[in-house]
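>>> Requesting a structural model of the entry that follows:
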Amino acid sequence: MMRIHQLIQKPTSLRVTVPIVLFILCFFSFEVYALLLQRFEGNEKLPPLSGNFMHVREVLTQEKPKEAFRFAVFGDTKSTGTFEKIADELKEEPLSFAVFLGDFVRRGTEGEHAYFKAELAREIAFPFPTFFLAGNHDIDTNNFPISRFEEVYGPSIFSFTYQECLFVFLRILDKPYSTKESLLFLEKLISEDASSRHRMIFVFSHIPPPVSSVIDAREFEGSEEFVSLVEKLHADYVITGDYHGYARVKKGNTVYLVTGGGGAHLKKNKYGCFHHAMVIDVSEDKVVENILFINRNEDLEDRIERFILADLYPWMKGHFVIIIFSNIILITIVVWLGVSIRRSIQQTLLS
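I've put the predicted structure just below:
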C-alpha cells in the first residue's frame, strides 16, 4: 500500500503526460464539434423547392407555355465531394427541374438522411424544383421504411404534366419491396389514355429493367410486365439509376437511359464507367441528351461531417450513459495529470 502511495505521489514525466492531456483535450473538442454540428445542421428540413409534394409540382404545372425546356437527372450520388461538383455545374444551367434517381445516401438510416438534407440545404441548394426516387440504399424496412421516406420526401409514386409532357415517377425496387403499386399506377395511366393527351412521356425508376446485357440490372418483381406496360403507355424515355455508370438502349420506340454515375464508386466494367449527370433538352420536335462529365472528388470536410451526422452522433445518442461515464473518467485523468505536470514543473524549478 505504501509503494502505491509513493507511485501516485511521484511526478510523472512531462514527455508522457503532456501528449496524453493534449489527446484528451482534442477528444473533448471533437465531441463538442460533433454536438454543435448536430445542433445546427443535423435537423435541417428539405429546401422549399425540394420534395415530391404537390406544392413543389405546382411550381412547374403553373408555368406558362414555352418552346423548349431542360431538366437534369442523376443517380447514385452517395459521395462526399463528387456530386457537389456536379451540383455546382448544374446550378449554372437554366434548368426547369432535377431528379435524384435514388441511392443518394449510403444506407437507410435517420443519420444518413440527416447528413443528406444538411448537404442539400447548405451546399447543393438547387434553385429549381427537385424530386427524389426511392433507391434500395435510401430505405430500410426497420430504420427508414417507405412510410418514413414519404414523410420526409413526399409520395414515392406520382406524376405531373409539364409543357404538355407527362413525367411519371415510380418505386421500382428489388425484394423485399413490391413493385405492384407502381405497375398498377402505369395501368391506370394506360386506361386513361395518357399518351393521347401528352406529346412526350418520361418514366423514372431507380432500378432499370433487363432490356439489354449492356445494363447490369438487378432482378425485380414484375420486370417483364414493367417493360410491357411502358410499351403500352407509349413512353418515349425510361430513365433509371442503380447501375453505377452510363448506358443507353433503345427498345422499340422507347429509349432506356441509365445514369448512375452521380458519385458512388463506379462499376468495374469497360462500358460507361465515368462520373456524370445528364441534362435533357426537350423542344417541340426533338430531345437532346447532354452528358455532364465530372472527375471523382473527395472532400475531407464532407467525410468528417457525414461520419459525425450519420455514424457518430446516432451512436452517442444510443449510448448516452457510456458517454457520460467516459467523460467523467477522462476529466478525472486530465485533473490528475494536470497535478502531476504541475509537480514536475515545480520539481524542475527547485532542482
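
>>> Sketch out the strands for the stretch 51-200 of the chain, chain order is fine.
In the stretch 51-200 of the chain, the segments counted as strands under DSSP state E, counting those that start in this stretch are 68-74, 97-100, 130-132, 158-162, 165-169, 200-204.

>>> Just give me the neighbour total for Asn297.
Neighbours of Asn297 under the rule other Cβ atoms under 10 Å: 16. From N, CA and C alone the C-beta is placed, and that goes for glycine too.

>>> Once you drop chain neighbours, what's closest to it?
Gly81 (4.0 Å; Cβ to Cβ, 6 or more residues apart in numbering).

>>> List the beta-bridge partners for the one you found.
With DSSP bridges as the criterion, Gly81 is bridged to Glu298.

>>> how near is it to Ser205?
27 Å (Cβ to Cβ, to the nearest Å).

>>> try Ile24
Distance check for Ile24 against Ser205: by Cβ to Cβ, it reads 51 Å.

>>> show me the contacts for Gly135.
Under the criterion of Cβ atoms under 8 Å, 6 or more residues apart in numbering, the contact list for Gly135 reads Gly75, Asp76, Leu101, Gly102, Asp103, Phe104, Leu173, His206, Gly241, Asp242.

>>> JSON lines please, covering these and showing pLDDT and neighbour count.
Formatted as JSON lines, the contacts of Gly135 follow (pLDDT from 0 to 100; neighbours: other Cβ atoms under 10 Å):
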{"residue": "Gly75", "pLDDT": "94", "neighbour count": "34"}
{"residue": "Asp76", "pLDDT": "93", "neighbour count": "29"}
{"residue": "Leu101", "pLDDT": "97", "neighbour count": "31"}
{"residue": "Gly102", "pLDDT": "95", "neighbour count": "30"}
{"residue": "Asp103", "pLDDT": "95", "neighbour count": "26"}
{"residue": "Phe104", "pLDDT": "95", "neighbour count": "29"}
{"residue": "Leu173", "pLDDT": "94", "neighbour count": "26"}
{"residue": "His206", "pLDDT": "96", "neighbour count": "27"}
{"residue": "Gly241", "pLDDT": "94", "neighbour count": "30"}
{"residue": "Asp242", "pLDDT": "92", "neighbour count": "28"}
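
>>> For Leu166, state which of those residues is nearest.
Leu101 (17.7 Å; Cβ to Cβ).

>>> need the contact list for the closest one.
Residues in contact with Leu101, defined by Cβ under 8 Å, 6+ apart, are 73-76, 133, 135, 204, 206, 239-242, 259-260, 262.

>>> per-residue confidence for the nearest residue to Asp236 once chain neighbours are set aside?
Excluding the flanking residues, the one nearest Asp236 by Cβ to Cβ, 6+ apart is Met200, at 4.9 Å. Here the pLDDT value assigned to Met200 is 95.

>>> do the one 5 residues further on as well
Confidence per residue is given as pLDDT, and for Ser205 that number is 97.

>>> can you give me the helices for this protein?
Counting by DSSP state H, the chain has helices at residues 2-9, 14-41, 54-61, 82-90, 110-119, 146-153, 180-191, 223-233, 300-306, 313-318, 320-350.

>>> Dump those helices to a markdown table, plus mean pLDDT.
Shown next, in a markdown table, are the helices of the chain (pLDDT from 0 to 100):
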| stretch | mean pLDDT |
| --- | --- |
| helix 2-9 | 43 |
| helix 14-41 | 79 |
| helix 54-61 | 95 |
| helix 82-90 | 94 |
| helix 110-119 | 94 |
| helix 146-153 | 97 |
| helix 180-191 | 96 |
| helix 223-233 | 94 |
| helix 300-306 | 87 |
| helix 313-318 | 84 |
| helix 320-350 | 76 |
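
>>> just those: most buried one?
Highest mean neighbour count of those: helix 110-119, a mean of 23 (counted as mean count of other Cβ atoms under 10 Å).

>>> Contacts for that helix, please.
Taking Cβ under 8 Å, 6+ apart as the rule, helix 110-119 contacts 41-46, 84, 104-106, 138, 143-144, 152, 302, 305-306, 309-311, 313-314.

>>> one more time with 7 Å, if that's ok
Applying Cβ atoms under 7 Å, 6 or more residues apart in numbering, the contact partners of helix 110-119 are 41-42, 44-46, 104-106, 144, 152, 305-306, 309-311, 313-314.

>>> Stretch 218-228 now?
For stretch 218-228, the surrounding residues in contact (Cβ under 7 Å, 6+ apart) are Ile172, Leu173, Asp174, Lys175, Ser178, Thr179, Leu183, Ile207, Pro209, Pro210, Val211, Asp242.
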